[in-house]
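In: Next input, structure requested:
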Amino acid sequence: MSTYEAIADLPLEIDGYALEGRSLTVSSGFERKTTTFRLQGGGAEGVGEDVTYEAEDQDRQLALGPVLELSGGWTLASFAERLAGLDLFPAQAPDQDVYRLYRRWAVESAALDLALRQAGRPLHAVLGREPRPVRFVVSSRLGEPPTFAPVERRLAVYPDLRFKLDATPDWDDALIARLVATGAVDSIDFKGAYRGTSVDVPTDAGLYRRVAEAFPDAWLEDPDLTDPAADAALEPHRDRITWDAVIHSVAEIEALAFPPRTVNLKPSRFGSLEALFAGYDHCEARGIGAYGGGQYELGPGRGQIQYLASLFHPDGPNDIAPGGYDRLDPEPGLPTSPLTPELAPTGFRWASDEG
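Out: Next comes the predicted model:
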């Protein structure tokens, strides 16, 4: 039985749903907005979080209200088929097609949570998987111009913290040397697979070479290998190259130029439970490692990706740090890595997201 088949036939009763907006202004001045879907039925409620990045898309969704025709009696599989035929952006098409996957993930994760709560069972029991402590890293860009401060200040509070850092062409040798000296860098993200976003980073073969040689044990995520010089710079380090932004399905894993040792399986990028669980099964069957990544969740979505990491890839360099680590000066007392699973007794959620 595949992982998806273990949940596909779970009964699901939906009477209606509500939407809850969340927002947080981060230090850069960017206002992050997400929307929590609250599916209701049979005296229970299931939650999921829409991580679409455009604030206007979130605002339009909230203004329109719960207009999607989701009510009825379903199985998880038949409900997913229903979603596939619905326009989840009825107010206006999103600027990026991937946002359709993000919103679908919100609804499907809420449906999974609701079906499990109606059944009175937790996800790990249905899948027959034992949750394990989750190793996590903290993701950060180092500013403009880049400085050592974002790493230094976090390590001052949490000296055992591990990092995934966005490398940019203005990293100089002195900065790289200070980062190397910490011994705290697990992953470098080149952001070379992004196009037309606020996080795009120009391709720089020299940067790729300097970083790969300076951090011989770090994962190298999302380089732009369409540039011949960049490809040549990283050719000796292919066993450490991993992918995130281009991975939305098993087909895209199979289409990579060379088999990866590990990949970032970000649930919201896959959109559907079936596609995500197929990704887990594919990697497990072929001996490909996996880790997870977040999308700056403000609500229950963060606990849900931590839940999945505890079941499928607890030992990877998971970019799913608990809330609070995104601050330049995180407060003392945050949960540390490895993160102890704190699962709700039923459903698909972290215990802290109960109620």
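
In: ok, longest helix in the chain?
Out: With DSSP state H applied, the helix covering the greatest number of residues in the chain is identified as helix 98-119.

In: What is the subsequent helix or strand relative to that helix?
Out: helix 123-127 (DSSP states H and E).

In: Need the contact partners of that following helix.
Out: Among residues not part of helix 123-127, those counted as contacts by CB atoms under 8 Å, 6 or more residues apart in numbering are 3, 6-7, 10, 112, 116, 119, 130-131, 307, 310-311, 343, 347-348. C-betas here are computed from N, CA, C, even on glycine.

In: Only alpha carbons, please: show that helix as CSV.
Out: Output for helix 123-127, consisting of C-alpha atoms alone and laid out as CSV, is shown next (Å, rounded to 0.1, in the frame of the first residue of the first chain):
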residue,chain,number,x,y,z
LEU,A,123,-2.0,10.9,11.3
HIS,A,124,1.0,8.9,12.6
ALA,A,125,-1.2,6.1,13.8
VAL,A,126,-3.1,5.9,10.4
LEU,A,127,0.2,5.8,8.5
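
In: Show me which parts of that helix are buried, residue by residue.
Out: Neighbour-count burial for helix 123-127, counted by 16 or more other CB atoms under 10 Å, picks out Leu123, His124, Val126, Leu127.

In: if I look at the second one, how far off is Val137?
Out: To tie it back to what came earlier, the one meant is His124. Per CB to CB, to the nearest Å, His124 is found 23 Å from Val137.

In: which residues does the closest residue to Asp50 other than its chain neighbours contact?
Out: If you skip the residues right next to it in sequence, Asp50 has Ala106 as its closest partner in space, 3.8 Å away by CB to CB, 6 or more residues apart in numbering. Listed by CB under 8 Å, 6+ apart, the contact set of Ala106 reads Thr35, Thr36, Phe37, Gly48, Glu49, Asp50, Val51, Ser268, Gly301.

In: Counting neighbours, what do you get for the third one?
Out: Here the count is done by other CB atoms under 10 Å, and Phe37 has 29 residues near it.

In: can you check the first one too?
Out: Here the count is done by other CB under 10 Å, and Thr35 has 23 residues near it.

In: what does the last one give?
Out: Gly301 is flanked by 29 other residues according to other CB under 10 Å.

In: And the second one, by the same measure?
Out: For Thr36, the count of nearby residues is 21 (other CB under 10 Å).

In: what ranges do the helices span in the protein?
Out: For the chain, applying DSSP H gives helices covering 5-8, 55-64, 76-84, 98-119, 123-127, 149-157, 173-182, 205-214, 228-234, 250-254, 267-270, 273-286, 300-312.

In: Flag the shaky bits of this protein, pLDDT-wise.
Out: 27-29, 195-198, 355 (pLDDT under 70).

In: Compare the contacts of helix 123-127 and tell me which is most surrounded.
Out: Ranked by neighbour count (other CB under 10 Å), the contacts of helix 123-127 have Phe348 at the top, with 30 neighbours.

In: For that residue, list the residues it contacts.
Out: Contacts here follow CB under 8 Å, 6+ apart; on that basis Phe348 touches Gly46, Ser109, Leu112, Asp113, Leu116, Pro122, Leu123, Gln304, Tyr307.

In: nearest to Asp59, of those residues?
Out: Proximity of those to Asp59 was ranked by CB to CB; the top entry is Ser109 with 21.7 Å.

In: Around the residue nearest to the closest one when sequence neighbours are not counted, how many other residues sit close by?
Out: For Ser109, ignoring the flanking residues on the chain, the nearest one in space by CB to CB, 6+ apart is Gly48 at 3.6 Å. The local packing of Gly48 (other CB under 10 Å) involves 30 other residues.
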